[in-house]
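Participant: model this:
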Amino acid sequence: MNASKPLISYKDVKAGVLARILRRDWPPGALLPTEEALAQDFGCSRATANRALRELARTGIIERRRRAGTRVALSRPEAAMLTVPLVRDEIERAGGAYGYALIERRETAADAALAVRFETAPGAPLLFVRCLHLSDGAPHQLETRWIALDAAPAAAREPFERVSPNEWLLTETPYDRIEHILTAAAPDADERARLALGPGEPVFVIERRTWRAGAVVTAARLSHPASRFRLISRTDWAA
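Facilitator: Predicted structure coming up:
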């Protein structure tokens, strides 16, 4: 008996379209395929494709005009989000099979140190998520993240069991300011075990904060096995 094919949701289509925009299959100003063409491409209904495009238009990534079609936005306050890679796409473009595992998810309150990072008062509600991204079954990135629930309240309803915080935030909560701090560091015991590091192997760490409308949305520590990680950065989005 043949196994039934999994249903394609609007979130799947939304993530797929976003990935193609991020890798510039559809550059700024490009006309996107019609809903009918996208539905055929992704194997979903036209209504599913329509909802995916409506959601992307709501975040400003694409622009939809009656009788003029749907285009990738040329300029917008959220353009800075495109400097944050979609980890799934990053791995698949390198030829790896993407895997994802949720390690921990819990609501918490900002202590004094987190209050400084989030530019808020101690006790502000946060969501803590730790997960592992894999390439061909090998650890690629350990994502340790806090999300401000005041800035992104919908995160409280997302279990993050199937979709990573990286992917969810890119598609659901665009932002207009990003801070990156890049360092090489000695791993702690948890990082060493989860990233399967060799003796004396350091981690390459990206510490990232993002803002929207003046409020910090998220703060993350992204740890990678230093001997297996390459960082390639290109910025050529139309101003």
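Participant: Now the lowest-mean-pLDDT helix or strand in the chain: buried residues?
Facilitator: When each helix and strand of the chain is scored by mean pLDDT, DSSP states H and E, helix 10-22 comes last, with a mean of 84. For helix 10-22, the buried set under the neighbour-count rule, 16 or more other C-beta atoms under 10 Å, comprises 10-19, 21-22. From N, CA and C alone the C-beta is placed, and that goes for glycine too.
Participant: what do you get for stretch 199-211?
Facilitator: Result for stretch 199-211 [16+ other C-beta under 10 Å]: buried residues 202-211.
Participant: Out of those, which sit inside helices?
Facilitator: Applying DSSP state H to the buried residues of stretch 199-211, no entry is found in helices.
Participant: Where does the prediction get shaky in the protein?
Facilitator: 1-6, 75-83, 229-239 (pLDDT under 70).
Participant: Quick one: residues contacting G198.
Facilitator: With contact set as C-beta atoms under 8 Å, 6 or more residues apart in numbering, G198 has these partners: S227.
Participant: now with 10 Å?
Facilitator: G198 is in contact with 192, 225, 227, counting by C-beta atoms under 10 Å, 6 or more residues apart in numbering.
Participant: Give me the domain ranges for the chain.
Facilitator: Domain ranges of the chain: 10-75, 81-228, per automatic domain parsing.
Participant: Among the buried residues of stretch 199-211, name the ones in strands.
Facilitator: Using DSSP state E, 203-211 are the members of those that sit in strands.
Participant: could you dump those residues to a markdown table with distance to I181?
Facilitator: Output for those, formatted as a markdown table (distance: C-beta to C-beta, whole Å):
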| residue | distance to I181 |
| --- | --- |
| V203 | 14 |
| F204 | 12 |
| V205 | 8 |
| I206 | 7 |
| E207 | 4 |
| R208 | 8 |
| R209 | 9 |
| T210 | 13 |
| W211 | 15 |
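Participant: Looking at these, which one is closest to G69?
Facilitator: Nearest to G69 among these: T210, at 30.4 Å, using C-beta to C-beta.
Participant: do you know how far L182 is from R24?
Facilitator: According to C-beta to C-beta, to the nearest Å, L182 and R24 sit 23 Å apart.
Participant: more crowded one of the two?
Facilitator: R24 (14 against 11; other C-beta atoms under 10 Å).
Participant: What ranges does this structure have for its helices?
Facilitator: Using DSSP H, helices in the chain cover 10-22, 35-42, 46-58, 87-93, 112-117, 165-172, 189-194.
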